[in-house]
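**Q** Have a look; sequence and predicted model below, questions after that.
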Amino acid sequence: MHTKGNSCCCSFEDYKLTTEWLLNQTSHRPKIAVICGSGLGLLADGATNKQTFRYQDIPNFPVSTGAWSGHEGCLVFGTIEDTSCVFMQGHFHLYEGYSLCQVTFPVRIFKLMGVESLLVTNASGGICPDFKVGDIMIIKDHINLPGFAGQHPLCGPNDERFGIRFPCMSDAYSKDLRRLALDVGSELGCSDFMREGVFCMVSGPNFETIAEARMLLILGCDSVGMSTVPEVTVAKHCGLRVLGLSLITNMVSLDYSREEKVNHEEVLQTSKMRAEVLQKLVTALICRYQQQSINTH
Ligand SMILES: O=P(O)(O)O[C@@H]1C[C@H](O)[C@@H](CO)O1
């Protein structure tokens, strides 16, 4: 897989080869794909009948830069109730040096495998002053800051087999799935720490300066992180329904007098603290998703 400038140089045949390889290795035919954010690899724990592939063993799959820890770097197929799912334990970031074609490569594989909906999770810094560490924000919309600077996963020749040249992004996050997430969250007693808001992607790897954070607040961002937007953009382009859940792992500094400094350990600690709740939420969502599709089809 090569990249030219910032455009994707992965051919349709590359995507097909990886898809066919996976379909030949597993009898799972996933309907839902889940991208596990930093520290959230255990979202796959609710699944049974699991089959795991290391990224390094999957043809064309981007290989870990070693920045991840533990059991990350695996694609896990499994079943939740009767729904076949696939989980990405560990995802790819611009700041690790991956091209956006590599970052979003798995999403097109999911599409070709027959996945209908993508559930993206991530860790982010809270900007909205009403938010608290540990809140789960349902992503209502996003700001693609790297995209404004030409770092966009759909730059380059458009492959119509995936989607149209100029896709609409005003409804990138499914209203039905957002409602379902709110309902399921409320049934599980999570309403007190569930929010909805606008997510902004920055490239990272540094956390924001105070001036940058203040700018993001003025722009209407509720939280900021270093992933998700490229995957969601490519998912929407190829017709997947998307739900995004962003865990507020820290509050972003908006004030020069604030003493606390954000760091990656704090991010991972909050993810660890909330991982079990998020896992229950994701599992319940997938159960309800299946029931809803049965009722509506
Ligand atoms: O869930 P992701 O991987 O987006 O997590 C954020 C962005 C960085 O990877 C990391 C910074 O602490 O957290």
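**A** Cool, got the structure. Residues are numbered from 1 along each chain as shown.

**Q** So for the closest residue to the ligand within the stretch 1-150 of the chain, what's the pLDDT?
**A** The stretch 1-150 of the chain approaches the ligand most closely through Gly37 (2.9 Å), counting by Cβ to the nearest ligand atom. (Glycine included, C-beta is placed from N, CA and C.) On pLDDT, Gly37 comes in at 90.

**Q** what's the burial count for it?
**A** 27 (other Cβ atoms under 10 Å).

**Q** and if you look at Leu281?
**A** There are 23 residues near Leu281, going by other Cβ under 10 Å.

**Q** again, but for Gly150
**A** Neighbourhood size, Gly150 [other Cβ under 10 Å]: 9.

**Q** If I look at it, what pLDDT would I see?
**A** Gly150 is assigned a pLDDT of 94 by the prediction.

**Q** what does Glu208 give?
**A** So Glu208 comes in at 96 (pLDDT).

**Q** Report the contact partners of it.
**A** Neighbouring residues of Glu208 by Cβ atoms under 8 Å, 6 or more residues apart in numbering: Gly125, Val202, Leu216, Val224, Val252, Ser253.

**Q** Of all pairs in those residues, which one is the farthest apart?
**A** Pairwise distances across the contacts of Glu208 (Cβ to Cβ) peak at 14.5 Å, for the pair Val202 and Ser253.

**Q** When these two are compared, which one has more neighbours?
**A** Between Val202 and Ser253, counted using other Cβ under 10 Å, Val202 has the larger neighbour count: 22 against 19.

**Q** Contacts only, for the more buried one.
**A** Contacts for Val202 were tallied using Cβ under 8 Å, 6+ apart; they are Leu145, Pro146, Glu208, Glu212, Val224, Gly225, Met226.

**Q** just Leu247 next, same as before
**A** In this structure, Leu247 makes contact with 37, 40, 121-124, 134-137, 270-271, 274, 278, judged by Cβ under 8 Å, 6+ apart.

**Q** And the ligand, is the host helix or strand of it touching that?
**A** Leu247 belongs to strand 241-251 when assigned by DSSP states H and E. No. Strand 241-251 is not in contact with the ligand by Cβ under 6 Å from any ligand atom; minimum separation 6.9 Å.
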